[in-house]
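Student: Structure here, sequence nowhere to be found:
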């Protein structure tokens, strides 16, 4: 496991960032939070691009900067690969020459080969093309390849999908997902998109108002209702882990703890695993097995807790075969149905509430 130790401060006219945390970087860690939280600023500090920051940045036992000791390793000497929102390819160089430029400046002699990266990112057909002729998704694949060829100890990705439409996002996400496994390089991934976090992240660092509000397992952080106000627009919900078992009539069957969910057709291979985030507002409850309704997603569950967080609504945490699901219902419904902790219940989820685009 790679540990990124951050004890940094940055004070600007209208913003202050103060982070003192050790981040366990396993596979892909999402640096998540609302716009203006300081995500990109923190990423720039880690990369050595923000020279006004004070404090210490250390990756494992290598100190990248320590202002008290007057140590500062410049960006080009830090073992990082940086992928920006817009790719930032050299427009006057072909794709191949963009990649070779980075390979020639690799941080150590055990650099990945150009062939390795070209094959892994399917760049072979693009090598002789100019960046201006590439689609947004193709440009980001090249940018990822260029960052990889520095053979970094850490990949930094700053909202690399923000400029892409849904189709292009779905195309490039599998490449990002495979990076830690194929190359053994942890990724710190900046985003404010919860669907990307659900699909990609093993861990989450939630940043709010320039401070770390939470740091831990992605599933656990995203189901905490106490963090929702800090995440801005994020609605309460929970992540379910599932396995694809069938594609039929434009729908995919996912098995969750031995029970079936039916979602709009996805590209996930049969037998493949995926994660999906269900918003609490899209879950209804029934005390008896429903009959004669159009909703096909009906999961047997057990009530773990009932939180009366608002004057009108209650947040219900459910256990589904060891996994968690959230439902938002009115307080009146809690009283009418006589809901209580430990009660067996049925959770109803509309298939149209689940976006299958990123489940692949």
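Tutor: Received the coordinates, thanks. Treat the numbers as computed from the prediction; the structure is a model and nothing was measured. Numbers count the residues shown, from 1 in each chain.
Student: remind me which residues of the stretch 51-200 of the chain are low pLDDT?
Tutor: Across the stretch 51-200 of the chain, the ranges flagged by pLDDT under 70 are 107-111.
Student: What residues of stretch 222-231 count as buried?
Tutor: Within stretch 222-231, the residues scored as buried using 16 or more other Cβ atoms under 10 Å are 222-225, 227-228, 230-231. C-beta coordinates here come from the backbone N, C-alpha and C atoms, glycine included.
Student: mean confidence for that stretch?
Tutor: Stretch 222-231 carries an average pLDDT of 84.
Student: Ok, stretch 277-295 next?
Tutor: 92.
Student: Can you pick out the most distant pair from the buried residues of stretch 222-231?
Tutor: Taking every pair in these and measuring Cβ to Cβ, the maximum separation is 14.3 Å, between 223 and 230.
Student: quick one, domains of this structure?
Tutor: 2-232, 238-353 (automatic domain parsing).
Student: ok, and which of these has the densest surroundings?
Tutor: Ranked by mean neighbour count under mean count of other Cβ atoms under 10 Å, the domains of the chain are led by domain 2-232, which reaches a mean of 18.
Student: Tell me how far it lies from the chain's centre.
Tutor: 11 Å (Cα atoms, centre = their mean, to the nearest Å).
Student: same deal with stretch 309-316?
Tutor: The answer for stretch 309-316 is 28 Å, by Cα atoms, centre = their mean.
Student: Same question for stretch 305-312.
Tutor: 28 Å.
Student: what about it, how long is it end to end?
Tutor: Start-to-end span of stretch 305-312 (Cα to Cα, to the nearest Å) is 17 Å.
Student: Stretch 131-140 too?
Tutor: Taking Cα to Cα as the criterion, the two ends of stretch 131-140 lie 10 Å apart.
Student: got the contact list for that stretch?
Tutor: Contact partners of stretch 131-140, identified using Cβ atoms under 8 Å, 6 or more residues apart in numbering, comprise 83, 86-87, 89-91, 93, 95, 98, 126, 142, 160-161, 163-164, 168-169, 171-172.
Student: same deal with stretch 69-89?
Tutor: With Cβ under 8 Å, 6+ apart, stretch 69-89 has contacts from 46-49, 51, 59, 62-66, 95, 98, 105, 107-108, 131, 136, 139-140, 142-144, 146-148, 150-160, 162-163, 185.
Student: Equivalent analysis for stretch 291-307, please.
Tutor: So stretch 291-307 is in contact with 225, 256, 259-262, 284, 286, 289-290, 314-320, 324-325, 334, 339-351, going by Cβ under 8 Å, 6+ apart.
Student: Do you have the helices of the stretch 1-150 of the chain handy? List them.
Tutor: Ranges of helices in the stretch 1-150 of the chain, per DSSP state H, counting those that start in this stretch, are 39-47, 95-103, 114-120, 136-148.
Student: just the stretch 251-360 of the chain next, same as before
Tutor: 331-337.
Student: Where does pLDDT dip in it?
Tutor: Residues of the stretch 251-360 of the chain that meet the cut-off, pLDDT under 70, sit at 355-360.
Student: Which residue ranges of it form strands?
Tutor: 251-256, 259-264, 273-279, 283-286, 297-307, 313-320, 323-330, 344-349 (DSSP state E, counting those that start in this stretch).
Student: Distance to residue 204 added to those strands, as JSON lines?
Tutor: Listed next are the strands of the stretch 251-360 of the chain as JSON lines, based on distance: least, Cβ to Cβ, whole Å:
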{"stretch": "strand 251-256", "distance to residue 204": "21"}
{"stretch": "strand 259-264", "distance to residue 204": "23"}
{"stretch": "strand 273-279", "distance to residue 204": "12"}
{"stretch": "strand 283-286", "distance to residue 204": "22"}
{"stretch": "strand 297-307", "distance to residue 204": "21"}
{"stretch": "strand 313-320", "distance to residue 204": "18"}
{"stretch": "strand 323-330", "distance to residue 204": "15"}
{"stretch": "strand 344-349", "distance to residue 204": "23"}
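Student: and the next element down the chain from the helix ranked longest in the chain?
Tutor: Determined from DSSP state H, the single longest helix within the chain is helix 166-183. Per DSSP states H and E, the first helix or strand lying C-terminal to helix 166-183 is strand 187-191.
Student: by how many degrees do that next one and helix 136-148 diverge?
Tutor: 140 degrees (axes from the mean of the first three to the mean of the last three Cα atoms, to 10 degrees).
Student: who touches the residue nearest to residue 308 when sequence neighbours are not counted in this structure?
Tutor: Take residue 308 and drop its neighbours on the chain: the residue closest to it by Cβ to Cβ, 6 or more residues apart in numbering is residue 314, 5.1 Å away. Applying Cβ under 8 Å, 6+ apart, one finds that residue 314 lies in contact with 306-308, 328-331, 333-334.
Student: same thing with residue 216?
Tutor: 203-204.
Student: what bridges to it?
Tutor: Counting by DSSP bridges, residue 216 is bridged to residue 204.
Student: so how far is residue 142 from it?
Tutor: Using Cβ to Cβ, to the nearest Å, residue 216 is found at 34 Å from residue 142.
Student: ditto for residue 217
Tutor: 33 Å.
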